[in-house]
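> Turn this into a structure:
(one chain, ligands or ions: 1)
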Amino acid sequence: MTQDKPRVLVLYFTQSGQLKDILDSVLSDTRFATDTIVDWVAITPEKPFPFPWTPDVFFDTMPETVEHLPSPIKPLPKHLFQNTYDLIVLGYQPWFLNPSQPITAFLQSDDARILKGNRVLTVIGSRNMWLHAQEKVKAYIQAQGATLVGNICLFDRHTNIISTLTVIRWTFTGQKEAGRWLPAAGVQDEDIKAASRFSTPLFDSLSTLQWDALHEQLLRNDAIILNPGLILLEQRAIKNFRFWSKYIREKGEAGNPARRPRVRLFKRLLIVGIFILSPISAISAFIKLQLHKKKLLKDVAYFKDVNYEAGRI
Ligand SMILES: Cc1cc2nc3c(=O)[nH]c(=O)nc-3n(C[C@H](O)[C@H](O)[C@H](O)COP(=O)(O)O)c2cc1C
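Numbers count the residues shown, from 1 in each chain. Next up, the predicted model:
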């Protein structure tokens with residue numbers, strides 16, 4: 001039987017449903033429902049991560065996320081491998097500056113062969129620190145011989161401090177909605193709705209099978225807005241996370257009570273880092289920005305792009 005409609009596979013993971021809402025909006029052009037076959041597949045951990053999280057489990061999840069030693073996921077449905085896809089959409093979120101564990105587990109699994117030789121569009125739903133995670137995802141995609149044809153990144157547009165406070169409330173209590181003092185957590189609802197602007201260029205590429213100009217067109221529609229200060233902030237933060245992940249793992253695997261004191265120390269230092277060091281870091285980033293503007297602007301162009309050069313962050 002010949003397949004005349006373009007076929008899209010959407011692979012995603014979400015805890016709160018935010019990423020699914022973003023993907024629904026990105027694929028909301030009605031022609032996706034009428035003229036395209038879209039297979040939606042949620043990546044499912046064998047043992048679900050808690051939501052809301054307890055602080056102990058949350059911070060204990062950092063080392064294996066940073067070291068790319070994820071908890072196992074369930075295999076993809078077998079029948080997917082019989083289909084030919086024109087595009088695979090990978091929807092994911094950063095955890096501790098890396099892809100969330102279920103996404104890393106998928107990208108490392110035998111099932112990742114479904115990406116082989118295919119075109120991939122990444123869609124990210126983050127707080128605001130996603131650069132290092134996307135570099136890792138680019139590397140996995142390249143290792144499968146697949147081509148990244150576009151990236152759409154949604155993030156919380158509030159200031160770093162406000163988005164941190166609201167994400168903490170959301171993560172540990174489940175409350176996403178605005179409270180008395182703080183706005184709603186996560187990506188703004190209006191930004192999720194406005195992500196529907198990407199669905200027409202996406203459908204056009206799919207129906208013409210012309211992919212070269214897609215990412216440029218997405219960028220023209222502000223698919224990625226990148227504050228150069230965040231590059232410096234992430235570069236600094238990832239070095240710390242790498243140190244702490246190794247230090248904590250010296251005391252055992254995830255969940256091992258022997259590592260609890262080190263996990264708690266990491267938690268305290270992270271809180272100090274976010275609320276005291278990150279404003280200082282922002283000032284030093286601003287100074288660096290003035291001194292090395294040319295280089296940073298080149299970095300901004302690189303991180304907004306879909307090509308991959310190892311070791312950029
Ligand atoms: C364990 C954990 C770590 C996170 N780390 C980051 C991070 O490093 N950068 C970031 O921008 N957002 C981070 N977030 C926020 C998520 O990327 C995401 O926006 C949020 O969890 C909602 O995703 P959902 O669709 O799975 O509910 C983190 C969330 C969790 C649960």
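
> Got phi/psi on the residue nearest to residue 154 when sequence neighbours are not counted?
Sequence neighbours aside, residue 187 is the residue nearest to residue 154 in space, at 4.5 Å (criterion: Cβ to Cβ, 6 or more residues apart in numbering). Every C-beta, even on glycine, is put in place using the N, C-alpha and C of the backbone. Reported as degrees, to the nearest 10, the phi and psi values for residue 187 are phi -70, psi 130.

> neighbours around residue 187, how many?
As a burial measure, residue 187 scores 24 neighbours (other Cβ atoms under 10 Å).

> Quick one: name the residues of this protein near the ligand.
14-16, 18-19, 58, 61, 93-97, 125-130, 167, 171, 186 (Cβ under 6 Å from any ligand atom).

> Point out the ones among those that are inside strands.
Cross-referencing these against strands under DSSP state E gives 94-95, 125.

> Turn these into a markdown table, including neighbour count.
Below are these laid out as a markdown table (neighbours: other Cβ atoms under 10 Å):
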| residue | neighbour count |
| --- | --- |
| 94 | 26 |
| 95 | 21 |
| 125 | 28 |
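
> and residue 23, which of the three is it?
Reduced to three states with DSSP: H, G, I helix; E, B strand; the rest coil, the structure at residue 23 is helix.

> Does it touch residue 90 like I think?
No. Residue 23 sits out of contact with residue 90 when judged by Cβ atoms under 8 Å, with a separation of 10.0 Å.

> between the two, who's got more neighbours?
Counted by other Cβ under 10 Å, residue 23 and residue 90 do not tie: residue 90 has more neighbours, with 27 against 24.

> That one should be in a helix, yeah?
No. Per three-state DSSP, residue 90 lies outside any helix segment and is strand.

> State the pLDDT value of it.
Looking at residue 90, its pLDDT is 99.

> correct me, but it touches residue 137?
Yes. Because the distance of 7.2 Å satisfies Cβ under 8 Å, residue 90 is recorded as touching residue 137.
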